[in-house]
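A.B. asks: okay, structure incoming, though there's no sequence with it:
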């Protein structure tokens, strides 16, 4: 059932995700210019909701509650995912054309071998945290308080994949892009499940961080840094 609070959560996430896609596909701004804008919306849209619904602010604090015993498994899973992604690159690099990745990053976002180290650190540490807060903490844990659990699972995972379309579309052909988007949806469901166990965003953040470490390792290889 859709109510005022769930409608705001869903609309804010959808509008921001569509906006990011349009900017990536049409404007092609420098990546470092996008960083403060994304931080503003990643934090601002949820904060408007929690400040307007002060009774729910306790839920906001719970998202960042550190719980003992909930760290080791996500770290081990993250390490396993790192190995799978890096190994997957080496197994598929002769099947999937990765040649457009670095040229597209340079042309559309101004990311080069010279500044990739800084971009990779931001993506792995900060951006992964912001995405987990936005799509899992706000778009799943909070949303499922006002909708069904199944709906929150599907919505969060789907919109997480949609959010990445504009960035990935210029790098891969249609078949590879579809596989990546399906992988992002599956990853979104896994992240939701991990966070649902603890009610915090830390488990999915750790796994997301390792996944980004792996992707950035591939990036270092493609840029010829490694």
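C.D. replies: Great, that's in hand. Bear in mind the structure is a predicted one, so any value in this text is a computation, not a measurement.
A.B. asks: give me the contacts around the top helix by length along the chain.
C.D. replies: Ranked by residue count, the top helix of the chain under DSSP state H comes out as helix 174-198. Here helix 174-198 makes contact (C-beta atoms under 8 Å, 6 or more residues apart in numbering) with 67, 70, 74, 77, 96-97, 132, 135-137, 140-141, 152-153, 156-158, 160-161, 164-165, 168-169, 172, 201, 203-204, 207-208, 211. Any C-beta I mention is one placed from the backbone N, CA and C, and that applies to glycine too.
A.B. asks: this structure: helices as residue ranges?
C.D. replies: Applying DSSP H to the chain gives helices spanning 4-22, 31-52, 57-62, 72-92, 99-109, 116-121, 128-131, 149-163, 165-168, 174-198, 202-222.
A.B. asks: any chance of these in JSON lines, with mean neighbour count too?
C.D. replies: Output for the helices of the chain, formatted as JSON lines (neighbours: other C-beta atoms under 10 Å):
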{"stretch": "helix 4-22", "mean neighbour count": "17"}
{"stretch": "helix 31-52", "mean neighbour count": "15"}
{"stretch": "helix 57-62", "mean neighbour count": "14"}
{"stretch": "helix 72-92", "mean neighbour count": "15"}
{"stretch": "helix 99-109", "mean neighbour count": "16"}
{"stretch": "helix 116-121", "mean neighbour count": "16"}
{"stretch": "helix 128-131", "mean neighbour count": "20"}
{"stretch": "helix 149-163", "mean neighbour count": "19"}
{"stretch": "helix 165-168", "mean neighbour count": "18"}
{"stretch": "helix 174-198", "mean neighbour count": "17"}
{"stretch": "helix 202-222", "mean neighbour count": "21"}
